[in-house]
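**Student:** Structure of the sequence below:
(chains A, B, C, D, E and F)
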There are 4 protein chains.
Amino acid sequence: MPEARDRATKRKRLKEQRETQILDAAARVFARKGYERATTREIASEAGLSEGTIYNYFDSKRHLLIAMAVRLALDSLQELDSLPPMEDEQAHVTALITNRFELLLSNLDLVRALMPQILVDDDLRQEYMTKVLSPAISYLGEYLKKREVAGAFRKVKADFVARAMIGAVMSFGFLWLQQPSDLDERSRDELVSEMVGLFLDGLRVRPSEQKDRQS
Amino acid sequence: MPEARDRATKRKRLKEQRETQILDAAARVFARKGYERATTREIASEAGLSEGTIYNYFDSKRHLLIAMAVRLALDSLQELDSLPPMEDEQAHVTALITNRFELLLSNLDLVRALMPQILVDDDLRQEYMTKVLSPAISYLGEYLKKREVAGAFRKVKADFVARAMIGAVMSFGFLWLQQPSDLDERSRDELVSEMVGLFLDGLRVRPSEQKDRQS
Amino acid sequence: MPEARDRATKRKRLKEQRETQILDAAARVFARKGYERATTREIASEAGLSEGTIYNYFDSKRHLLIAMAVRLALDSLQELDSLPPMEDEQAHVTALITNRFELLLSNLDLVRALMPQILVDDDLRQEYMTKVLSPAISYLGEYLKKREVAGAFRKVKADFVARAMIGAVMSFGFLWLQQPSDLDERSRDELVSEMVGLFLDGLRVRPSEQKDRQS
Amino acid sequence: MPEARDRATKRKRLKEQRETQILDAAARVFARKGYERATTREIASEAGLSEGTIYNYFDSKRHLLIAMAVRLALDSLQELDSLPPMEDEQAHVTALITNRFELLLSNLDLVRALMPQILVDDDLRQEYMTKVLSPAISYLGEYLKKREVAGAFRKVKADFVARAMIGAVMSFGFLWLQQPSDLDERSRDELVSEMVGLFLDGLRVRPSEQKDRQS
DNA sequence: CATGAATGAGACTTCATTCAT
DNA sequence: GATGAATGAAGTCTCATTCAT
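**Tutor:** Sure, this is the predicted structure:
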């Protein structure tokens, strides 16, 4: 019965398409209005569907948000494996930060929709912490420890420092949330390299460099 | 008529007391439920007053939030002048970070009440940006530039780096928001010194230190 | 064209079968949830069909209920003719009551589905009154009058008494509606004979019997 | 502080008055439309209040119904003690039936509102059974047993017969539900006496009477 | 000044019904 | 004939705000 299978496949595809359509619309409206002040009516109209249809695909307004958290979690875990070798700290950290910035920028609507509610909704925060934030912190913490053992990095409290680094990166997201990315390619690179410099070498002028200057 | 003045003073004091009473209650309820899901009824009951009374002191529920932003702004500007001399970078940055942490921890309810709504409410965010965040970034940026000129710090994009540092510090606030301060005095000091180390010296082992190690 | 007729017959049978299938499912769901809280979706799933299909056989959800009333009406009129001779009042009334109890018990789902809505839906009640209740009352009223004329029964307001008797019988249905028939064969017989005794002889001890007792 | 007490009393009275006002309106609307098809909007308008106000006094639409059940339960228990002596069976049973008829007629809206939903709502039915129906059946059953022991009534299954009698009486309520009480005082008396006759003496002509007739 | 009863707009969600496939 | 996705009207309930007492 290839026909039957065809129909089933088609139906499934249609379903996924609708879900995406609704989720995209919801992300935009949530991003504009915030979760609470967004109305299902506006989401429906943004999606070009009727309100009832939304409820054929999602159980409740809140489930729209949860689905977004899942989406973001999936996106956040990709590509962490195809990074430059960790022996080259400069390249590795640069890639890491770039990758996080890209995650942020390419999911800006999603993040803007999610973030405020994460601060308020316990379950949602749980989801975000375990699926998005904790993995990132873990990865970075492990990396710090390995490079320390290899003698490349100083001895630090890896979890504190990892959190601080991620917080620093994400705080730019906080800024972008409000001024939609007036950041061109070039200045983003500058930003990344500045951050890498900060994290790897700190602010203080090194004694050797000091000598160079003084001479 | 000293009597009249007394009465006026008394009245004013009473008014301020009521406002504080209401604002404290509101901060707690907003912190628990989030702005949208908090009800004026619950705030009134938390304050031990009736709903009507709230409206004798504040124009609307939203004005409660705005008043909180003002409160936080006032707090945030205090004591930035009584810092250790900037020539001692270690001490100065340590004091800076400690000061921000303390601001965060002593206003946790306020921050928790405010933060989600700042991401969503444009006016409120404006207020927060100009009164709280920008001053901090400006101060830090200026400091970085001065120390660079003095030859103590490397040449960096001061505004980028300032933002990153503040983001790093505040990201711990984000954590504390959900696990009310299980952070004892001692580990907070550790945290601060770890951050200072990160910002001043970076992660990379310095050549001189490397030699020490190798020997 | 016998073929054509065959096909037509077959089609008709299929149609009736589908209608029964749907009506049975609807009766069960209505019995469980009540008419208003039953959904066409649940009825469809209970019938193993899709929602759309229901509307190929019935005009609306409400028509399902009407069809049930018709079914009940048809059932209720059967067998009233094959009763024992009315000269034997004991046997006749026993048969009458037994017959009503059986109607009730064998249509319990139907009755449970119908009854609440009959109290609320005017058209439906009309249907029920004219097709089910009134015939029963009429029959019983006629019977009472005939036996009165024959000198077997006292002179009573036949319509009042008929209603009361039917109400008494049906009130047990009301009980069974909620405790699905924990009534075994034996106690049902007892119940019937108790009712017959009540209606024929009343509660009061007869003077003759009194004498028997006293002696 | 008599003033304060006054105000509290006044407020309480106002509250009770509002509750009655709302409950009366709800009873009428439920009686007209049935519970499910009645809307809170219509109830509010019938009560001359806004929808919101209803929810200041009752938690939900369903709680309106529950409050009605409570009202009916309270009414139903009154006056059962001030009946004629049970030695005079004729008078006692007459008073009993009259009392039930009056309960029915004076709460017709309430009953009409409640009855359909009782068949459908499990909790509500529980309430009705324990608070209204069971006490009545118990009382009547006890009475039958006592009179049997006293030699006035035949030996019957008291619970069966009690239920049947109550069912018979209530079935008239069922009729009245739809044709609002076209029953004048006089025919109600007739009805009662007919019922009393049926229950006490049954239908069958008594041998002694038969003789009278024949003679 | 404080109170809290009343308001009414508006939100989320359900579900009978239709119709293209 | 069967399907089930889409519809959209309608309903219950919440809550910030007002105002008479």
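**Student:** and the next element down the chain from the helix ranked longest in chain A?
**Tutor:** Longest helix in chain A, counting residues (DSSP state H): helix A:2-33. Downstream of helix A:2-33, the first helix or strand assigned by DSSP states H and E is helix A:40-47.
**Student:** what does that next one contact?
**Tutor:** Helix A:40-47 is contacted from outside by A:21-22, A:24-26, A:28-29, A:33, A:50-51, A:53-54, A:61, A:64, using Cβ atoms under 8 Å, 6 or more residues apart in numbering or on different chains. (Glycine included, C-beta is placed from N, CA and C.)
**Student:** what angle sits between that helix and helix A:2-33?
**Tutor:** Put simply, helix A:40-47 runs at 120 degrees to helix A:2-33, going by axes from the mean of the first three to the mean of the last three Cα atoms, to 10 degrees.
**Student:** If you rank the contacts of helix A:40-47 by neighbours, which is first?
**Tutor:** When neighbours are counted by other Cβ atoms under 10 Å in any protein chain shown, A:A26 leads these with 29 neighbours.
**Student:** Was I right to think that one contacts A:I66?
**Tutor:** No: look at A:A26 against A:I66 with Cβ atoms under 8 Å: they stay out of range, at 11.1 Å.
**Student:** my guess is A:A168 meets A:M195, correct?
**Tutor:** Yes: contact status for A:A168 versus A:M195: in contact at 6.8 Å, counting by Cβ under 8 Å.
**Student:** Overlap of the contact sets of the two?
**Tutor:** B:A164.
**Student:** Which residues lie in contact with A:V29 in this structure?
**Tutor:** A:38, A:42-43, A:46.
**Student:** Quick one: mean pLDDT over the longest helix of chain A.
**Tutor:** Averaged over helix A:2-33, pLDDT sits at 86.
**Student:** do that helix and DNA strand E meet at all?
**Tutor:** No: taking Cβ under 7 Å from any atom of the strand as the criterion, helix A:2-33 and DNA strand E are apart, separated by no less than 8.2 Å.
**Student:** How about that helix and DNA strand F, any contact?
**Tutor:** Yes: applying Cβ under 7 Å from any atom of the strand, one finds helix A:2-33 in contact with DNA strand F at A:11, A:14-15, A:18.
**Student:** out of these, who has the most neighbours?
**Tutor:** Using other Cβ under 10 Å as the neighbour criterion, A:R18 leads these with 16 neighbours.
**Student:** so what's that one up against?
**Tutor:** Contacts of A:R18 (Cβ under 8 Å, 6+ apart): A:49, A:53, A:57.
**Student:** circling back to that earlier point, and the contacts of A:V29, which two are furthest apart?
**Tutor:** Across those, no pair lies farther apart than A:A38 and A:E46, at 9.5 Å, counting by Cβ to Cβ.
**Student:** who touches both of the two?
**Tutor:** Common neighbours of A:A38 and A:E46 (Cβ under 8 Å, 6+ apart) are A:26, A:29.
**Student:** Report the buried residues of stretch A:119-127.
**Tutor:** Judged by neighbour count using 16 or more other Cβ atoms under 10 Å in any protein chain shown, the buried positions of stretch A:119-127 are A:119-121, A:124-125, A:127.
**Student:** and the contacts of helix A:40-47 as TSV, adding distance to B:L108?
**Tutor:** Shown next, in TSV, are the contacts of helix A:40-47 (distance: Cβ to Cβ, whole Å):
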residue	distance to B:L108
A:Q21	40
A:I22	37
A:D24	36
A:A25	36
A:A26	31
A:R28	33
A:V29	31
A:K33	27
A:S50	44
A:E51	39
A:T53	42
A:I54	37
A:K61	29
A:L64	30
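**Student:** what helix or strand is the residue in chain A positioned nearest to chain C on?
**Tutor:** Nearest residue of chain A to chain C: A:N56, at 11.2 Å (Cβ to the nearest Cβ). Assigned by DSSP H and E, A:N56 falls within helix A:51-57.
**Student:** model confidence over that helix, on average?
**Tutor:** 97.
**Student:** can you list contacts of whichever helix or strand comes after that helix?
**Tutor:** Counting by DSSP H and E, the next helix or strand C-terminal to helix A:51-57 is helix A:61-77. For helix A:61-77, contacts defined as Cβ under 8 Å, 6+ apart pick out A:19, A:22-23, A:26-27, A:30, A:35, A:40, A:43, A:54, A:58, A:103, A:106-107, A:110-111, A:113-114, A:117-118, A:121, A:123-124, A:127-128, A:131-132, A:135-136.
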